[in-house]
Structure formats: structure tokens, C-alpha cells
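Peer 1: Here's a sequence, model it:
(chains A and B)
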Amino acid sequence: MMLVLTRTAGEEICIGPDIRVRVLSLRGGQVRLGIEAPGEVTIHRAELVEAVSRQNAAASQPDAAVLDLVTRSAQAHARPES
Amino acid sequence: MQLLSPRCGLLECAESDALHVAEGIAPFDRATRYVMVAREEEWPFAWLQSLDEPALAFVVAPLEMLFPDRAEEALCAYAKGEEACNSSLLAAYGIVVLDRDPARLTINLLAPLVVDFERKRARQIILDGPLEQTRELLEPALRSLAHA
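Peer 2: Next up is the predicted model:
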């Protein structure tokens, strides 16, 4: 369920006791938000979170044979002196 | 303990080897214990194998070596959210998407995994940057190692 609120520039909403979201400005179909939250709360644009999750999923079933192939190629380019 | 991983074979590891990823690695939020397996023959890559879901594993590569600027950003971002930690025991890794064509290997520079080897913790940090950095081509950085 989604809570829908109407706010205008300068107005705020509170999420729990520690998080405040202020509408800073509205311009050209975009809204600029200011967020105050404790340091341990992570805040990201949703599209970044979704893209990272998609990439993690794509990386989550690596094939050892492909890694072997790739490693040979990488080692052909570079290998530190032991 | 022993773990038979369909990805990287039979692993022998102690509970104390486990890295705790409290928030998981999205979308695999329930898998919170991993072990890092770095084998000489797979350098510069390493496995990040889930101890909770044997079929779940990632291939990671060290950012300090391949993308040092990004590694520094990741370590700074991690340190901000943590109590004082020993920075010499922190390391940043990029999660790699493999491809049979080495020129199409990609690494996620937007969301590095920072590992605190002292506290046995890890966290995936989301940094600022364009979405394309989730699929940065890796081959140029691998080639540059040859000239380092």
C-alpha cells in the first residue's frame, strides 16, 4: 500500500522519528528533495538500486570453465613477478 | 566445515573464515555468509562463495589493482558508515560478469564490495555515477596491468 501526500516547496514529511524529507523546489517537471537521515540509513536513487540488483543477478552464477578461459587471457597480458 | 559448491568445487573452511554481509548482496538478501576463495591459478580473480546457498557465488576482482581511484572512493564511503576500522585490512572488489569473450567481461564499478578482513564483514556500497558503470568493460584495465 502506498501513502500519497501532497506537498509543495518548503514543506516536509517525516518518516519515523529520525528522517525528514523536504521539497526544496519544483521546476520543469522535476522535484528537488532534501533528505535528513541518520548516517546508517542508505539513500539512493531507485534506478541505481535496481540496476545494481540486476547486475548482481547476472553475475551470480559464474561458470568455472569460463573463468578459466578468462583467467588464461588475463594472465597472458599481465602477471606480477613472484 | 566442507561445502560442495557447484561453482568452485569442494571448499574446506572454518566458521571463522566466513565474511558476514549483513544486508546481503541484492537481490540475494537472505545469503549473508560468504567465504572468499583466491587461488593462484585464477589470479587476479577470486570467488565470493555463499555459505548459505551453495549455488550462489560471484567472481570478484580487486579494485586497488585495476581501478585504484574507484577503490579509494569505495573505502572512504565504507569508512563513513563504520566505527573506526583498520583501513589496511579493508579491500574493495568489483563484481564481475563473465563472458567467453574476454573483451566483453564487465565489472561493476558503481557498487563495489568492501571487505573488512579484520572484522570479517563486507558490504556492497553504491557510489554516485552513471548507470553504465555497473557494466564497465574490464579488459582495458587488465591490459594496463601489463604496463604497470
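
Peer 1: drop to CA atoms for contacts and neighbour counts, all remaining ones
Peer 2: Will do.

Peer 1: measure residue B:14 to chain A for me?
Peer 2: Distance of residue B:14 to chain A, computed by Cα to the nearest Cα, to the nearest Å: 23 Å.

Peer 1: next one: residue B:80
Peer 2: Taken as Cα to the nearest Cα, the span from residue B:80 to chain A is 8 Å.

Peer 1: Quick check: residue B:21 vs residue B:39, distance?
Peer 2: Counting by Cα to Cα, to the nearest Å, the gap from residue B:21 to residue B:39 is 22 Å.

Peer 1: higher neighbour count, these two?
Peer 2: Shown here are residue B:21 and residue B:39; by other Cα atoms under 10 Å in any protein chain shown, residue B:21 has more neighbours (21 against 11).

Peer 1: Residue B:121 is in contact with that one, correct?
Peer 2: Yes: using Cα atoms under 8 Å, residue B:21 is in contact with residue B:121, at 5.9 Å.

Peer 1: Near chain A, which residues of chain B are found?
Peer 2: Counting by Cα under 8 Å from any Cα of the partner chain, chain B comes close to chain A at B:7-8, B:25-27, B:41-45, B:55-59, B:81, B:95-102, B:108, B:110-111, B:126, B:131, B:134-135, B:142-143, B:145-147.

Peer 1: rerun at 6 Å
Peer 2: For chain B, the contact set with chain A under Cα under 6 Å from any Cα of the partner chain comprises B:7, B:26-27, B:42, B:56-58, B:81, B:97, B:100, B:102, B:143, B:145-146.

Peer 1: which is the next helix or strand following the helix ranked longest in chain B?
Peer 2: If you go by DSSP state H, chain B has its longest helix at helix B:68-80. Following helix B:68-80 in sequence order, the next helix or strand is strand B:90-97 (DSSP states H and E).
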